[in-house]
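**Student:** heads up, no residue letters with this:
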């Protein structure tokens, strides 16, 4: 299991990937793979816990949760994760960040970041300064070039725009995987069960980016199996608004009790926008069409 620590220094020299890594998209994976390829060094990641928002964001809109990020990093082969709150390191000068975080806490032997990475108070630490500090403190540094698709750099900003617009296929292409929510299943009003289309209900946290309201093709991971589903995201205008954004998923050809369990739902295609139906009969008819369009 990946070692998440906030104090203990690794005994072995580390190869550290630096970044917020929101979404762990193709560009982030390229940076992390550079550290994984360093022979004789422990692959590590410096990132931020999602409890605080970085200054460049007006509000927190994480593409994936911190827990999802941790799970994905572990599957990639990262062995050590240092993830303080932004506030804990924001006042360090760029040189103190290198000396106190990279050298003293992470025992760095190799550091890698993207061209847009900034560190230290006021973001004064640039990739060029990281290279200079590496020479001073006796470790090597690598600055990874941006990964481009369609002539533009892969970025979290582009991915967020696609997600807001419901262009989930485009977002997934930049991510390199299908956008995934892993959330507890909560009790709903059981309307879906009355319509013969039972659903699992999950609440998207306020800290997450919210996809365009509407219906999506999805895959649901249950006990190691990927099952097809139809997921509706929104405020349920036909059956009554809710206090938060609800993700309702009908798992095709599945019956079982998933209440209280954390279930991963991956969005793989946009079907239609959210709409208010005249009655439950019309809603039932539309759900049947959505399922047919998913298969």
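**Tutor:** Now that the structure is in, tell me what you want to look at. Just so you know, these numbers come straight off a predicted model, no measurement behind them. Numbers count the residues shown, from 1 in each chain.
**Student:** which stretches of the stretch 51-200 of the chain form strands?
**Tutor:** Ranges of strands in the stretch 51-200 of the chain, per DSSP state E, counting those that start in this stretch, are 80-82, 108-114, 140-144, 148-149, 152-153, 180-184, 200-203.
**Student:** name the strands paired with the fourth one and say parallel or antiparallel.
**Tutor:** Strands adjacent to strand 148-149 in the sheet, as given by DSSP bridges, are strand 152-153 (antiparallel).
**Student:** which residues does the strand it pairs with contact?
**Tutor:** With contact meaning C-beta atoms under 8 Å, 6 or more residues apart in numbering, strand 152-153 is reached by 27, 146, 147, 158. Placement of C-beta: from N, CA and C, glycine included.
**Student:** shaky segments in the stretch 51-200 of the chain?
**Tutor:** 51-58, 189-196 (pLDDT under 70).
**Student:** mind doing that once more with 80?
**Tutor:** Scanning the stretch 51-200 of the chain for pLDDT under 80 picks out 51-59, 188-196.
**Student:** follow-up on the earlier one: let me know the closest of the contacts of strand 152-153 to residue 266.
**Tutor:** If you rank those by distance to residue 266 using C-beta to C-beta, residue 158 comes first, at 19.5 Å.
**Student:** and that closest one, what is it in contact with?
**Tutor:** Residue 158 makes contact with 152, 174, according to C-beta under 8 Å, 6+ apart.
**Student:** who does residue 231 bridge with?
**Tutor:** With DSSP bridges as the rule, residue 231 is bridged to residue 216, residue 249.
**Student:** just give the nearest non-adjacent residue to the residue nearest to the spatial centre of the chain, would you?
**Tutor:** Residue closest to the average C-alpha location in the chain (C-alpha atoms, centre = their mean): residue 64, at 2.0 Å. Excluding the flanking residues, the one nearest residue 64 by C-beta to C-beta, 6 or more residues apart in numbering is residue 23, at 5.9 Å.
**Student:** doesn't that neighbour lie inside a helix?
**Tutor:** No - assessed with DSSP: H, G, I helix; E, B strand; the rest coil, residue 23 is coil; it does not lie in a helix.
**Student:** residues in contact with residue 249?
**Tutor:** Contact partners of residue 249, counting by C-beta under 8 Å, 6+ apart, are 199, 200, 202, 218, 220, 229, 230, 231, 232, 265.
**Student:** and the pLDDT for it?
**Tutor:** We note a pLDDT of 95 for residue 249 in this prediction.
**Student:** what does residue 23 give?
**Tutor:** 91.
**Student:** so what's the residue count around it?
**Tutor:** Residues near residue 23, counting by other C-beta atoms under 10 Å, number 27.
**Student:** got the contact list for the residue lying closest to residue 245 once chain neighbours are set aside?
**Tutor:** Distances taken as C-beta to C-beta, 6+ apart place residue 204 nearest to residue 245, at 4.6 Å, with adjacent residues excluded. Shown in contact with residue 204 (C-beta under 8 Å, 6+ apart): 181, 183, 210, 233, 244, 245, 246, 247.
**Student:** avg pLDDT for the strand or helix carrying the fourth one?
**Tutor:** So the one you mean is residue 233. When elements are assigned from DSSP states H and E, residue 233 belongs to strand 225-234. Here strand 225-234 scores 94 as its mean pLDDT.
**Student:** what angle sits between that strand and strand 180-184?
**Tutor:** Angle of strand 225-234 versus strand 180-184, following axes from the mean of the first three to the mean of the last three C-alpha atoms, to 10 degrees, is 90 degrees.
**Student:** all good on my end, thank you.
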